[in-house]
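Participant: what would the 3D arrangement of this be:
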Amino acid sequence: MELTPDDVRDVLRALDSSGLQELHLELADLTLTVRREGAAGWTAEQQVTRAPQVEQAAAPAAAAEAPAPAAEVGEGLVAVHPPLLGTFYRAPQPGAPPFVDIGDEVGTETVVGIVETMKMMTPVHAGVRGTVVEFRLGNGEFADADAVLLVVEPA
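Facilitator: Presented below is the predicted three-dimensional model:
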């Protein structure tokens, strides 16, 4: 099940109108925890995980369903996609060093960036162990749900 921005908006509206202190939502490829922080409102704490999608060269039988050129990655490479659509940032704050850069080694839980959606910052995990070989999206660019943020060569 895909969670759309409208779905997230509906969940947040329901929470705002309820007396709940915390909500934990778990779907097949998404875990979201939202916690009320005293009288200040909701925190931006959340954990979103998404299994990496290994994109290989198309098999002859699947040649008719070629992916969009922007989503293609080389054979044996892994594309890292955003957990939600939103604005992709390579660093935790302006002026800070990026989470990772080309040539950096990453693990499955390594944070490689963040995606801002509705003022919530969601960490993007590499989802695979390997070396960052390319960034496909620049800092501050909008990421569609199927965008390739960066490409990792698995170890």
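
Participant: quick one: buried residues of stretch 84-95?
Facilitator: 84-90 (16 or more other C-beta atoms under 10 Å). No exception for glycine: its C-beta is placed from N, CA and C like everyone else's.

Participant: need the residues that contact it.
Facilitator: Identification of contacts with stretch 84-95 by C-beta atoms under 8 Å, 6 or more residues apart in numbering yields 3, 5, 8, 48, 82, 97-100, 113-118, 121-122, 124, 135, 137-145, 147, 149.

Participant: looking at the buried residues of stretch 84-95, which is nearest Glu72?
Facilitator: Closest approach to Glu72 among the buried residues of stretch 84-95 (C-beta to C-beta): Phe88, at 18.6 Å.

Participant: tell me the bridge partners for the closest one.
Facilitator: Val115, Glu141 (DSSP bridges).

Participant: next one: it from Gly19, what distance?
Facilitator: According to C-beta to C-beta, to the nearest Å, Phe88 and Gly19 sit 35 Å apart.

Participant: lowest-confidence helix or strand of this structure?
Facilitator: In the chain, the helix or strand scored least confidently by mean pLDDT, DSSP states H and E is strand 53-54, which has a mean of 61.

Participant: where are the low-confidence patches of the chain?
Facilitator: For the chain, the stretches flagged by pLDDT under 70 are 1-2, 15, 28, 36-71.

Participant: so where do the helices sit in it?
Facilitator: For the chain, the helices defined by DSSP state H cover 5-16.
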